[in-house]
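Participant: What follows is a predicted structure for the sequence shown.
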Amino acid sequence: MTGVQTCALPIQREILQLIAEGQNTKKIGEILKVSPKTVEYHRMKLMNCLNVYDIPGLVRFALRVGLIPEEKLGAG
């Protein structure tokens, strides 16, 4: 998980995992007990850090680095 470990905060890793599991911004905020704006901010920072510029790209990245198993895709 080189990219995630070197440039992402723990909350950003959690957000990445939840996005890859199919959760939307509002639900991620509820799960992490933060506002949707906070989720959007951390998602933007993560995307910039990883040079990924869309949600499907984040999901592909999460799969590639083994952050989430394929069977969990869309589980939310």
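Facilitator: Nice, I can see it. Residues are numbered from 1 along each chain as shown.
Participant: Okay, buried residues for the longest helix seen in the chain please.
Facilitator: Longest helix in the chain by number of residues (criterion: DSSP state H): helix 36-50. For helix 36-50, burial by neighbour count (16 or more other Cβ atoms under 10 Å) applies to 38-39, 42-43, 45-47, 50. Heads up, the C-betas are built off the backbone N, CA and C, glycines and all.
Participant: One more: stretch 7-14?
Facilitator: Within stretch 7-14, judged by 16+ other Cβ under 10 Å, the buried ones are 8, 11-14.
Participant: quick check, nearest of those residues to residue 24?
Facilitator: Each of those was scored against residue 24 by Cβ to Cβ, and residue 14 proved nearest at 14.7 Å.
Participant: quick one: the residue lying closest to the closest one once chain neighbours are set aside from residue 55, how far?
Facilitator: Take residue 14 and drop its neighbours on the chain: the residue closest to it by Cβ to Cβ, 6 or more residues apart in numbering is residue 32, 6.3 Å away. Distance of residue 32 to residue 55, computed by Cβ to Cβ, to the nearest Å: 17 Å.
Participant: With residue 6 as the reference, measure out to residue 28.
Facilitator: From residue 28 to residue 6 the distance is 22 Å (Cβ to Cβ).
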